[in-house]
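1. Sequence and computational prediction follow.
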Amino acid sequence: MTATAAPTTAPFRFFDVQVARVRRLCPSMIRITFTGDRLDELASGGRDQRFKLFLPQPHQTAPVFEDLSEAWYTAWRAQDPAERPVMRSYTIREQRHDPAEFDVDFALHGADGPAAAGGGPASRWALAARPGDRLTVLAPAVADNGGVDFRPPPGTDWILLTGDETALPAIAGILSWLSPGTTAKVWLETGHPDDRQPLPTFADAEVTWLVRDPAAARRGEPVLDALRAADLPAGTPYAWIAGEAGTVKAVRRHLVGERGFDRRAVKFTGYWRRGASEEDLLAELTAAAGGK
């Protein structure tokens, strides 16, 4: 998932966690359950709740920080890149309180392929994760927090959701949160037919799974193509779009420019960008904010 510039700790806190269980959900995704002290203080807002996950370097057994105060971000940026924790953004798929634990679903991005060329640090870590492995997370301490983006305004008649594997945990969380009778149209792009999984919801949801063709000469845009051909409901929509940044922008342009959606009713987030690491995106954001 993409980085955000200079995350703050309030109302977020650092938690030391360890792997409790690892389960392969489907060809493209692994679910890891975390436990740890003080997790009763972690307060997920549900839906698309995001948090920061910090991985140790390959030669470390746990992330090494020089400062966990309010100034942590500046200190983290100043650390030796070979020593500082690898930071990534993820979605809390589900939180439970008895026992205190939470699940995170990791999209593998081809990390287990023949060349493993598509896998980033988090994908590779998830593939090798074992019970007892230690991480640090920066997660919410209050349920109504800035890490929840799905907020349909009053007067919304129906919901539109689109995304790829990286957005699947958030979309699953949103669907489980929707009220009975809510109309939802969902398009999900995956890399394998067996990536389909149950998405429990009380909403009146129509979910369309779109499988990429790995043999295609050029990468198409399955979500965008499906939306262009779709019959959408009448009434006032609210759209939540996430996944690869280029696809997200193209879908937003289609909804606003061709479908007439109010741009204020379209929440869009690039969780990743083809050809760029999260370090690249973070550097761009920091530079845009005047950082060095």
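-> Great, that's in hand.

2. what number of residues lie near the nearest residue to F202 once chain neighbours are set aside?
-> Leaving aside its chain neighbours, F202 sits nearest to P180 (4.2 Å; criterion: Cβ to Cβ, 6 or more residues apart in numbering). Every C-beta, even on glycine, is put in place using the N, C-alpha and C of the backbone. For P180, the neighbour count with other Cβ atoms under 10 Å is 8.

3. same thing with L25?
-> Counted with other Cβ under 10 Å, L25 comes out at 17.

4. ok, now D37?
-> By the criterion of other Cβ under 10 Å, D37 has 11 neighbours.

5. Determine the three-state secondary structure at the residue nearest to F202.
-> Following DSSP: H, G, I helix; E, B strand; the rest coil, the label given to P180 is coil.

6. And it, how far from P81?
-> 49 Å (Cβ to Cβ, to the nearest Å).

7. Equivalent analysis for M29, please.
-> From M29 across to P81, the span is 28 Å (Cβ to Cβ).

8. what about the residue of the chain most remote from its centre, helix or strand, and which?
-> In the chain, counting by Cα atoms, centre = their mean, A234 sits farthest out from the average C-alpha position, at 29.2 Å. Using DSSP states H and E, A234 sits within no helix or strand.

9. For the stretch 101-250 of the chain, give me the ranges with low pLDDT.
-> Filtered on pLDDT under 70, the stretch 101-250 of the chain yields the residue ranges 111, 113-118, 215-220.

10. Would you mark the buried spots in stretch 77-93?
-> R84, P85, V86, M87, R88, S89, Y90, T91, I92, R93 (16 or more other Cβ atoms under 10 Å).

11. Which neighbouring elements make contact with the strand ranked longest in the chain?
-> Using DSSP state E to define each element, the chain has its longest strand at strand 12-26. If you count contacts as 3 or more Cβ pairs under 8 Å, 6 or more residues apart in numbering; DSSP states H and E, strand 12-26 packs onto strand 29-35, strand 134-140.

12. on that earlier part again, ok, so of the buried residues of stretch 77-93, who is nearest R151?
-> Of all the buried residues of stretch 77-93, R151 sits closest to T91, with 15.5 Å by Cβ to Cβ.
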